[in-house]
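S.K.: one predicted model, sequence on top.
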Amino acid sequence: MASTSSAMEKRKSRIPKKDVVSISETAAERIKNLIERKKQQDSKVVGIRLGVRTRGCNGLSFVMDYQEDGKVGKLDEKVSAHGVDVYVDSKAVFYIVGTEMDWIEDDLRAEFTFENPNAKGTCGCGESFNV
């Protein structure tokens, strides 16, 4: 029986855990800049916190805030990519698993964008989504 349990453990450890959210290099660069600027005022900042809130015309919206050291939830997911840490609120994981986060900057806008494979619909402006 012990050999079966150790074989199961070995099998589980070989399967790499996939990140809840993928972060593009441009998004990571923007996050880095935001964190560096914030750390000048508040040295407790360790990353960005990503979650969802009920609002908008379609139900849910992405929300971002700074994540402080020592205030990470036990069940929150930590995604490390391109030198930055994004902490995903445990209550949001179900709604945003597989989402691709990017930073877009052009003549008309500068914003984070989220490509969410779970979204069944979005509002006209793209601010909110439903699953």
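M.R.: Great, that's in hand.
S.K.: excluding chain neighbours, what is closest to K39?
M.R.: Excluding its sequence neighbours, the residue lying closest to K39 (C-beta to C-beta, 6 or more residues apart in numbering) is V45, at 5.3 Å. All C-beta spots, glycine's among them, are computed from the backbone N, C-alpha and C.
S.K.: next up, the contacts around that neighbour.
M.R.: I35, K38, K39, Y66, Q67, E68, D69 (C-beta atoms under 8 Å, 6 or more residues apart in numbering).
S.K.: in this protein, spot the helix with the most residues.
M.R.: The residue-count maximum for a helix in the chain (DSSP state H) belongs to helix 25-39.
S.K.: tell me the mean pLDDT over that helix?
M.R.: Mean per-residue pLDDT for helix 25-39: 93.
S.K.: what lines up beside the helix or strand just after it in the sheet?
M.R.: Sequence order places strand 45-54 as the next helix or strand after helix 25-39, per DSSP states H and E. Sheet pairing of strand 45-54 (DSSP bridges) gives strand 60-68 (antiparallel), strand 84-88 (parallel).
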